[in-house]
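# sequence and predicted structure below; questions after.
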Protein chains: 2
Amino acid sequence: MDKKLEETLPRGVALSWGLVKSTQRGPKREMSLKQILDAAITIADQEGLFAVSMNKVAKSLGFTTMALYRYIPSKEDLILLMQDAVFDIPIPEEILVDWRKNIREFVFSIMQCYQDHPWLCDVSTSGIPITPNNLRIVDWAMRIMANLPLDSNEKISIMVMLTSHARIYSAFQQNMEHAVQTGHNTGPVPGVDYNAALEQLVTSERFPYLRPVILAGAYAPQDDFKDDYGFEFNFALARILDGIEHYIHSKTKQDQNLS
Amino acid sequence: MDKKLEETLPRGVALSWGLVKSTQRGPKREMSLKQILDAAITIADQEGLFAVSMNKVAKSLGFTTMALYRYIPSKEDLILLMQDAVFDIPIPEEILVDWRKNIREFVFSIMQCYQDHPWLCDVSTSGIPITPNNLRIVDWAMRIMANLPLDSNEKISIMVMLTSHARIYSAFQQNMEHAVQTGHNTGPVPGVDYNAALEQLVTSERFPYLRPVILAGAYAPQDDFKDDYGFEFNFALARILDGIEHYIHSKTKQDQNLS
DNA sequence: ATAAACAGTATATAACATATACAATAAAGA
DNA sequence: TCTTTATTGTATATGTTATATACTGTTTAT
């Protein structure tokens, strides 16, 4: 228990918290962690996460590949730090009375971050976040739910539900845009080619319940995403909010009965 | 529109549907797609997705690396096909009257698949599935919702919500197990080390709303995952189901008012 | 003044996906 | 039957990747 924090935590996580023993001897550093992350994020924004390599990042700063390893232990850590860095999003000062509005604002903010940095969808999330900016967002979620009759575990559960909702639909949006770009969708409306193909493959015999859905055109990517993130995103979010509201009501009633 | 299906679809997708022009001339094939996928899946099950390489898969079958490319166009396609192959899960013949039970069974089945093949969490899902076994599962979801008063888009939205819920919490479980294995958690209860670290880092000043949650121990990975996937999974799923139920009720009432 | 610790570099290595050229093979057409 | 032709698995080669190691020069502590 008296182990130092930087030894307890994974190296990348420790770095994100600034837990670096600043050394005395030796030459001055010519780079900074922030510089490296900015450079890496720029590359990822422009060319995607796949284009981020230690070599490319270093070269864009005018240094050799190996110089990066004086700042970051591994590429895995670089990605982790990049992810945390871009989640430095603005958090509103005030919380509204209408908690549904607050939650919608919360989810939309995260969506915006995915929109600004599409490569975030390619970062494999290894579960519960423990880096500072990520926890700032978790704190925001806890603030929104502070006055709701929910215990800590329930709040965490809801927070996870909301953030994963944002992630999933951001991935969807990207997939749609990617499909349009790669030319499999040649028509003006995205998804028609896929849908035409699926109409042939999804037969009534093998997929009796899915077929009518495809014929109805509901399985094609929507093109109303840009403005409001599309029907399916909003419908699902509304169901989640309804579910929370229902639970809160039932709990409030229960409390009244007990008192 | 009169383009052939195998030209319209991405190559890997076309392969998954068996859209391969069986050739006449040349030597007989010594492998089969199924063999390759089985070998690759075995490696992934045992050593993780990261350990799957064209070389390793080929060698495990007694062939050279390049031989695989006579069967699969790229590694990306291999992963896609692996993913679809393991989702060949049993689907119940009968659908119960209680749709909530059906949906729970649906989600648990997918969870089981993630449990059997943990590497699935590392496969980057590029949006809406269009491979056969994946669509079989979508068909299952549509069957469950067949008699519910929902339109196609709403059903798709719910299906996405449910499948992503399974995925997210499977990733969580893995993360927990991984944290236990890599020794950052040295105690008998998983997550305590992280929690101890977070207690120091998450101060009241920076994270006023999150801090009490961490002090309450709600931010640590739970160890009750194995049996029922943990509290947070079930709570969130219950909220989703509540949200759907609430919507169905409100819609049914509306219909009655109109008639 | 000397030694220790550190910075950035140069070089090397092993793993990886995949292009290309080739020899062996089986079926189609003559 | 013989030739042509498409196809198989293989051998070899290329370019990219992350990262280990050894080295040179620099700054500070002793």
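In hand now; what should we look at?

# state the pLDDT value of the residue positioned nearest the centre of chain A.
Chain A has A:Arg167 as the residue nearest its centroid, 4.5 Å off, counting by CA atoms, centre = their mean. Note for A:Arg167: predicted pLDDT of 95.

# and A:Gln254, by the same measure?
The model reports A:Gln254 with a pLDDT of 78.

# who's in contact with the nearest residue to A:Glu154 once chain neighbours are set aside?
In this structure, A:Glu154 finds its nearest non-sequential neighbour in B:Phe235, 5.7 Å apart by CB to CB, 6 or more residues apart in numbering or on different chains. Quick note: C-beta positions are derived from backbone N, CA and C, even for glycine. By CB atoms under 8 Å, 6 or more residues apart in numbering or on different chains, B:Phe235 lies in contact with A:Asn153, A:Glu154, A:Ser157.

# go ahead and report the secondary structure state at B:Phe235.
helix (DSSP: H, G, I helix; E, B strand; the rest coil).

# circling back: quick one: which of the contacts of B:Phe235 is nearest to DNA strand D?
A:Ser157 (33.7 Å; CB to the nearest atom of the strand).

# my guess is A:Lys75 contacts A:Lys56. True?
No: the pair A:Lys75 / A:Lys56 is not scored as a contact, 11.2 Å apart, by CB atoms under 8 Å.

# distance of A:Tyr229 from A:Phe235?
11 Å (CB to CB, to the nearest Å).

# with A:Glu199 instead?
Separation of A:Glu199 from A:Phe235 (CB to CB): 24 Å.

# isn't the residue nearest to the centre of chain A up against A:Thr125?
Yes: look at A:Arg167 against A:Thr125 with CB under 8 Å: they come within range, at 7.5 Å.

# give me the phi and psi angles of the residue nearest to the centre of chain A.
With angles defined as degrees, to the nearest 10, A:Arg167 sits at phi -60, psi -50.

# give the contact list for it.
Contacts for A:Arg167 (CB under 8 Å, 6+ apart) come out as A:Ile110, A:Tyr114, A:Leu120, A:Cys121, A:Thr125.

# ok, now A:Arg100?
Contact analysis of A:Arg100 by CB under 8 Å, 6+ apart lists A:Leu241, A:Glu245.

# chain B versus that one, what's the distance?
12 Å (CB to the nearest CB, to the nearest Å).

# from B:Phe235, how far out is that residue?
19 Å.

# next: A:Pro90.
For A:Pro90 relative to B:Phe235 (CB to CB), the value is 30 Å.

# and what of A:Ala220?
On the measure of CB to CB, A:Ala220 and B:Phe235 end up 33 Å apart.

# go on, A:Ala58?
45 Å.

# equivalent analysis for A:Lys155, please.
In terms of CB to CB, A:Lys155 sits 10 Å off from B:Phe235.

# ditto for A:Ala39
41 Å.

# one more: A:Val20?
Relative to B:Phe235, and taking CB to CB, A:Val20 is found at 38 Å.

# okay, now the unreliable bits of chain A?
Applying pLDDT under 70 to chain A picks out residues A:1-4, A:126, A:178-192, A:221-226, A:259.

# what about the helices in it?
A:5-8, A:11-16, A:33-47, A:54-60, A:75-86, A:99-116, A:132-144, A:152-181, A:192-201, A:211-215, A:225-228, A:230-258 (DSSP state H).

# take the ones you listed and write them to JSON lines, including distance to B:Gly48.
JSON lines is the format used below for the helices of chain A (distance: least, CB to CB, whole Å):
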{"stretch": "helix A:5-8", "distance to B:Gly48": "25"}
{"stretch": "helix A:11-16", "distance to B:Gly48": "19"}
{"stretch": "helix A:33-47", "distance to B:Gly48": "24"}
{"stretch": "helix A:54-60", "distance to B:Gly48": "22"}
{"stretch": "helix A:75-86", "distance to B:Gly48": "14"}
{"stretch": "helix A:99-116", "distance to B:Gly48": "26"}
{"stretch": "helix A:132-144", "distance to B:Gly48": "24"}
{"stretch": "helix A:152-181", "distance to B:Gly48": "22"}
{"stretch": "helix A:192-201", "distance to B:Gly48": "31"}
{"stretch": "helix A:211-215", "distance to B:Gly48": "35"}
{"stretch": "helix A:225-228", "distance to B:Gly48": "34"}
{"stretch": "helix A:230-258", "distance to B:Gly48": "31"}
